[in-house]
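**Student:** Need a 3D model of the sequence below.
(5 chains)
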Amino acid sequence: MILELLAFLVLAATATLTALAALLVRELVHTILWVALFFVALSGFYFLVSAPFLGVLQLGVYAGAVTILLLFGVMVTRKRIFAREAATGLGPAPIALSLLVLVILATAATTVPSGTTQLSGFPIAALSTALFNVYGGWLLLLGLVMLPALAGSIYLVREDRE
Amino acid sequence: MTGPLSVLFGWAFLVPLAPTLAFVVIGLFGRRMQRLEWGGWVAVGGALFAMVLGVLIAVGEMLTPGSYTDRSFQWFTLAGSGTGAFPNGFSLVMGTLVDPLSAVMLIVVTVVGFLVMLFSIDYMHRDSGLPRYYAELSLFLASMLGLVLADNLLQFFLFWELVGVCSYFLIGFYYQRPAAASAAKEAFLVTRIGDVLFLLGIFIYFQQFATAGPALGWAAAGFPFVYHSAPFLAGIPISNPTLFTIAGLLILGGAAGKSAQFPLDVWLPDAMEGPTTVSALIHAATMVAAGVYLLAITSVFIGFSATDQLAIVAIGGFTTFWAATMALVNRDIKRVIAYSTVSQLGYMVLAVGAGFTMVGLYHLFTHAFFKALLFLAAGAVIHAIETQDLFKMGGLRKTMRVTSIGFLIGGLSLAGIPPLAGFFSKDDVLGGVYLAAQSHPLYWPFFALAFLTVFMTAYYIFRAWFLAFSGDQPRDSTLPQAHEPPWTMRLPILVLSALAVVAGLLAFVPQFGGLFAAGARFPPTPGVPPSYSATDLLLSGVSVGLGAGGILTAYTLWGNGRVFTLDARSAAQPIRRLLLERYYVKAGVDWFGLHAVYGLARLADFFDQYVIDGTVHGFERLFAEFSLRLRRIQSGVVLDYAAYVVAGLAVFLLFFFVIVPAIPALGGG
Amino acid sequence: MTDLPLAGFVAVSAVLLGIGLFGILTRRNFILLLIAIEVAMNSAILNFVVFGSYWNSISASSVEGQSVAVVLIGLAATEVAVGLAIVLALNRSRGSINVAEATTLRL
Amino acid sequence: MIPILSITLATLFVGTLATFAAGPRARYVAAAVSAIFLAEIAGMFALFSAPALGLALPTQFAEPESYPWIQVAWLHVNYTVGIDGISLVLILLTGILQAVTVAYSWTEQRQPAAWFGLVLLTCLGCFGVFAALDVLLFFVFWEVVLVPMFFLIGYWGGPRRRYAALKFFIYTHVASVTMLVALLVTAFYSHSASLDFASMAASAQTLALPTQIILFLSLFFGFGVKFPIVPFHTWLPDAHVEAPTGGSVLLAGLLLKLGGYGLIRWALEILPTGLQHVAPILYAVAFASIVWGAGVSLAQRDLKRLVAYSSINHMGIVLLAIALYSSLGLLAAVLLMFAHGIVSALLFMVSGSVHHTFGSRDIATVSGITPTAPVLSTMTMTGALASLGLPALISFPAEFTALLATWDKIGFWVLIPLGALVITAAFYIWMMQRLLFGTPKSIPVGAHDLPYPEAFAMGVLVVLSVLYGILPNLLIHFIQLSPVAGLP
Amino acid sequence: MTALPWTLFAPELFLLGAALLVFLLDSLGIRRLELFGGLATVGISIALLGVLADLRFAPLAGLATVPAGNVDVPWSPLNASLVVVTSFGLIFQAIFLTSALLVALASLSRRSDEKGAAIFFGLLLFATLGMTLAALAADLIYLLLAIEVTGISTYLLVGYTRRDARGLEAAMKFYIIGALSAALSFFGASLLYAYYGTTNLATLGTGFVSMFPSPLGGATGIAFLGYGFLLVGIGFKVTAVPFHAWAVDVYDGAPSDVSAFLAGGSKKVGLFAYFVVFLVPILASQTTFVCPGGPTPTCHYLHSTFGIPLQVLFGLLAVVTMTAGNVLALMQTEMKRMLAYSSISQAGYMLIGLAVATSPAIAGATLQIFAHVFMKTGAFLVVAAVAGFGIGSRIEEWKGVGLRHRWLGASFAAMLLSLAGIPLTVGFVSKFVLFSAAVQAQGWFVWLAVAGLLNSALSVFYYARVLRVMYMERPEVGSAPVPAGAVVGGSDPPALTLGGIGVGRATAIGLATAAVFAFGVYPQPVLAGLQMAADHLVQLL
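**Tutor:** From the prediction side, this is the model:
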């Protein structure tokens, strides 16, 4: 019990801090490292709430593929993080806004019963059955998202011949 | 009641129709006729027909005393809905009514009309635009006859307006002269003020009679009440005497406008910008008398109110004096006669107001002839020497004998020298007012003014005669050689001279006098001329003496080519100036028109453009400005756009978490 | 079977969303923006997973939440891919991936 | 039963399309359409006069033609057309003005097909408004009028035409929208069975009094802007001044009448109680319009602007007459609308002819045109005199009745419109003095009297104003075949 | 859990098939615009015919007989059905397909040497596919994913010109805001899932009888949060203010044909999503459900507290959206941006339907959506056509266009008048029905109608201004290049020829114009269908 709670707290801290760090560090390559760590921390959560399949998926897709993709993007663009970041025309308003949303969300979170709750996972087989059976439509749509994304992205990044 | 000529009464509508046809013919084919100079003769023909028929009808009326004949058709009708002010609806009619009053007027209008038309043939032959002149004159004649024969107040008003507009056009006949155009405008607008009051007066009568209609057994309310209702009047309960008083005052307003009574008198002297023939016909004999005629036909209602009568007496009496003073000093021959017209109209109004309706009409009758005579004679002078300035004239007696005699007869008649026409009628007026003042002490001052005016009248008209006709030769030697006018002009002068002599005496012919005695139509105010009692004879004597004194004064100052000049430092000089400037009324009216009314209008226009429309523009600018400012949020920076999204999110969440719980209607609270 | 404070998870996901929004609003580097969007997306996925487990503990047949999570992980990855494609095209065309500089279209 | 209204609508529609397509020969097509339209109007009069049809019913419409248009559970819209005496007279006005506008602009050179087509379309819209007995149909035609007028002003107009066209379009559209909302609220709040006039009029009586008052005021604003009422009138001078002559003729002659007609049909008849309760407001607005229109006219130097402001004055009297809510008042209002349609059309034609003959409409600089253009001068005088209410011309019976009704209903308040009559006379007379009379000034070389088409068009109007001035019963008889007869 | 017959998906399959065929042919090296365009046109046409056939032959009044699960256990949080075929959805499908068809037709006339024809038509087909699938959604996640299909396709579609910096900038903005919105949507969905334990649209937001206690108990705050996030996330698609800002830049930067599709087609999917997501809680709050035998631990009825707040919020959103859109458009100098703002304000009108949430209002809003397809798609297509003459997007460049090209001018004028809500056009009818519905609902909804009508009056300003430029002003010398073959001479500006537009585009514009008038004069069949669909939707929910 305590162990789980402790794990939760550690993971929560890690996830939050890595996410922040990823957005705030000056070197883009470091950012990618923090992001990877963030994804790992999230997958830790999934293990914690008895969703090991998702944990693995998270590790594979995010910590693996997405991170590498981002790294690739960084290398191609070869741009350092700009000297001063938070300087849009709106001044400090964005920070205030995101804080405001955060506060409201946190307030709402307090209405959630504060006691511990039982969270249980289920066999991976059940998940896959559901995914390909009941929720097949979602996967189908995911495929339909990926198809134009693939075609379009390739077209977009391809150099013109002439 | 039928008489020898009463079969003609039904055909009375032909009287105005003849000049109407002349108007249409000249209007349509005038330009083609101009070369052949037919236009004038068509008009003369129309007027001749009207005169013959009109006089015959009048004679017929004399032969069947006290009769009246009404022929009418419905103009438009309104079906009643069973409720409201006119439960049975009402119908408006047009028609002709022949009775003693209209008979008198028929004679005046047709005779003077015909003579003036005839006079015009040569008088106007040098002018361009003659078809227009004859068309307008014919239309005027038609309208005037329509007015005279009107059998109800609405029709009366309709033709009243038409004669007004004809007068407007005829005053402005020389429209290229700014003064003429301006005078025409002034005449129209000043009389329009009166017309508007008159119209309201009509409404009041109409409504009152419509209310009383069922009591009178009328199926539908209507306007034919002026004469028809008179016999019933005794049976009408006057439900609202104040309203009747107000109506009488409003009618007086209308009459004052048309008859140039104070304070609406300013237009008539200026109207002399028109051709002299027009002045003779319209602004002396006929149209200006329509106001008096109106008072006469409505006197039956006005008689209900002492206030109205006093108001009429006051207006008439004061105008008599007021206009005469201005005539004393004027240099313009036509304007002198014009002031005299205003003054004489004042006598008529005075008489009607004092309750002697038929006396007023009697004076109207005689005045029409001698005033037209004066104008035509003046016209002949102007035609001959092409000036209107008395101080340039002189000695015309020698070259224009007929004219000078005509003018003399007219002048004597105007001055009230017996046995000329003016004597009898003016005497009757004075006598009547004297009689009325016995029971109405407030009439005295106006009687005094009117009496005093007799002297002034004689003075100013003979001042004019002496200046123009006596002496050896014109004071201005550059004037063209004067000559006696052709027969078309001489004939009307001669005829009118004769009428000016005999018109007064005609009243002693029983049949003719009967017209004026037919006051039985007006029960509250018998209009019988005063009998010649001792007081009357004394009054007549004093009046004639005053007239003679006036003539003598004029001779002393102006006779035999003398010119009386006032010392520049004389105490009378400011008075003379005041009179010449017409008491500054004209200047005041002009100022009022140009600065007060037009100024206000300009102000309103400014307000309209810059405040009302400015507000509209303000809204436009407001939106534009708002749009331009709001557009700045579209900065092109995608991060800003994201911020809007998040801000919207924040607003929604705040709405759900702060506002919804706070407001019971939304499910919170 | 684990007992954990549900509110804690909700709080974590809220904080993650907040960080994501903060990143989206303040970063100008397109790649950092992509990362911020991923953070926000993952907060949603976390919710789905956690509440999926919760509802599953109530009714053994409820696999909805985790199924959603699976699909969303795929979707988020696809989005990153598309985003990167746009980054590359933009970089090639403008020579910059600073999104705040791309303001040709405005007003 | 002959569906003459639908036939007329169809012929007008086909005629309009044909005119658009006719190219340079558009004017002949337009003339033919006008002739057919007039013939059909004659047919309507004939049908109306036929006693066998038993049409002398006060509040019913002759031959209502009704077909379902939009029918869903909660919304019943029909194509319903029908006319009563009021519509009939205004339709006659439409026919007359269409014909004379076509005649007046016979020699239009710029895009003639579009010009004549748009003129016909405007008249089609007006006809539709006068014939429609359904809220939606009414509104459709009401707005249809706007578009061609927008183009007429904006393409063929004067120097500031674009501004004026936009202003006209937006200003009146805002008002229309208000009117539509009020009508919809009336229909739905009273649970009217359909949007048909009869159904609306029947059910609206069930509304609560405050609702009726608010709705009436909204409708009044909506229709009032078209009138136009002070202070919502400033679109009018701009639109009129910038519009081409034909446009002004239709604008003043027909479009202003839409406001009056709408107020009678869709406000007075549907919400009579509302009207009676707010009558003082209407009086006040009417008085303001009357006095303001007359007063501002006095200050105008531009002939067209003067006539435009005088329209405000005259329509103020119409409003007053309507607000009286009496049989006589309503009769006067309709008569006055007809009269104003004829007379203002004549005066706008005069302005147009003065403008292109003498190169300016400034009455302070153009002076003494009578010797150069006697016919034009005569037309001007007739128009001005008719407009100031001279007897024997068309406005007199109307104004007279209106004022009588006013006196009958509200007593000495009638002094306000009566006083304004003097101002009206003043500005017309002064205009005539400056424009027609006096020494000829700034008369361009080669200035000539009216060309035949213009003289013909104006001549027709002059003849009509004399004819109806002398024989007003020709109209009054028909106007009374309407709710006019049913009012107190 | 019920399997649906494949035939129901025939339209979608045709679209998918066409899309795949396009990509396949492209990868085989066959690069012919006519071929791709033809494929797309045919595919969309067949799909549209299929949808229309469904509408016609399937029971219009009660299509949702297919997913029996929905009907059998309406309150089950575990309902697994993702797809439901409703007449409402079918109508939306038809709307989407119509927009796509017009764009595809017009795009047939693109320059045939243009690169990326395959990708254009492929993405267009995919975007359309996503929209049609969204219209079948019975499940929130399914709905959001389908929208994502459209989203991803359209991001790329906007940037498909690849070399065009403006297009790429637009794509970038579109993408960032779109991805943000997607994240917010899914976060909202996760909260709703947390609260209700289901993602089934028919259940979400209802006062449901839960077999299980929600972990959140009565903490409706979480659900409110979920709705708030969804409002924002979908609001991006709808271009509701303040989530609209991207749209203007994107419509401006994207090729006009793509803008036509975005404004005419893809934003409607957001509205559809609004309808199916939010009508449930709104309508649920209007009905009372009582557990048989009173509330028990296993049957407790949560009366939906979301209804009125959501309606108010939608009302505010509608008013703000239409007003801001109109005000922003007032002084606009770019044609496409003006049309974009106009599109935003039109979205505001449509939102009234949600605020009022009666079946007439839903029908009215749908009619407005239907109308908007023709007006806005048509307008952007004309802009593209006019651009073909070298006349750019600045409004002042359009001087005299109406006179130079009568047919294009007349079409554009018709579109503008329709957008402004002038009668005899479909835009008027739709507004009339919509605002009538608001009035019919009485209460404060009347003010929505008033606001809408006043706004439509305000909008007249900028539409009329364009008409003024097109018809009442002469082109400045040299400002507009005179195309070869134009008739020069006389005082009239040179006329533009019909040939320059291309048959496909001319057909598309012609169809749109004809529809604007045809449905404007006789909307009865469409309205009756929409009303039935709306009635059915309301019953279903």
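
**Student:** Quick one: the helices in chain A, in order.
**Tutor:** Taking DSSP state H, the helices of chain A run over residues A:2-24, A:28-48, A:52-57, A:67-77, A:93-110, A:124-132, A:136-157.

**Student:** Which residues outside stretch A:151-162 are in contact with it?
**Tutor:** For stretch A:151-162, contacts defined as C-beta atoms under 8 Å, 6 or more residues apart in numbering or on different chains pick out C:81-82, C:84-86, C:88-89, E:23, E:115-116, E:119, E:122-123, E:152-153, E:155-157, E:159-160, E:162-163. The way it works is simple: take the backbone N, C-alpha and C, and place the C-beta from them, glycine included.

**Student:** Just the buried residues from those, in PyMOL please.
**Tutor:** Buried subset of the contacts of stretch A:151-162, written as a PyMOL selection, criterion 16 or more other C-beta atoms under 10 Å in any protein chain shown:
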select buried, (chain C and resi 81+82+84+85+86+88+89) or (chain E and resi 23+115+116+119+122+123+152+153+155+156+157+159+160+162)
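
**Student:** what's the pLDDT at B:Gly513?
**Tutor:** Note on B:Gly513: pLDDT of 73.

**Student:** contacting residues around it?
**Tutor:** Here B:Gly513 is in contact with B:Leu506, B:Ala507 (C-beta under 8 Å, 6+ apart).

**Student:** Can I take it that it is in a strand?
**Tutor:** No - B:Gly513 is assigned helix when assessed by DSSP: H, G, I helix; E, B strand; the rest coil, not a strand.

**Student:** For the nearest residue to B:Val278 once chain neighbours are set aside, grab the count of nearby residues.
**Tutor:** Counting by C-beta to C-beta, 6 or more residues apart in numbering or on different chains, the nearest residue to B:Val278 once its immediate chain neighbours are dropped is B:Leu170, at 4.3 Å. Neighbourhood size, B:Leu170 [other C-beta atoms under 10 Å in any protein chain shown]: 27.

**Student:** so what's B:Leu170 scoring on pLDDT?
**Tutor:** On the pLDDT scale, B:Leu170 gets 91.

**Student:** helices or strands next to the helix or strand hosting it in the packing?
**Tutor:** Assigned by DSSP states H and E, B:Leu170 belongs to helix B:153-171. With contacts taken as 3 or more C-beta pairs under 8 Å, 6 or more residues apart in numbering or on different chains; DSSP states H and E, helix B:153-171 sits against strand B:89-98, helix B:130-149, helix B:178-216, helix B:241-258, helix B:276-280, helix B:287-302, helix D:395-410.

**Student:** Looking at those, which one is packed in the most?
**Tutor:** Highest mean neighbour count among the helices and strands packed on helix B:153-171 (mean count of other C-beta atoms under 10 Å in any protein chain shown): helix B:276-280, with a mean of 29.

**Student:** Not counting that helix itself, show me its contacts.
**Tutor:** So helix B:276-280 is contacted by B:112, B:116, B:119-120, B:123-124, B:137, B:167, B:170-171, B:173, B:271-272, B:334, B:337-338, B:371-372, B:375-376, B:378-379, B:382-383 (C-beta under 8 Å, 6+ apart).

**Student:** This completes my enquiry, with thanks.
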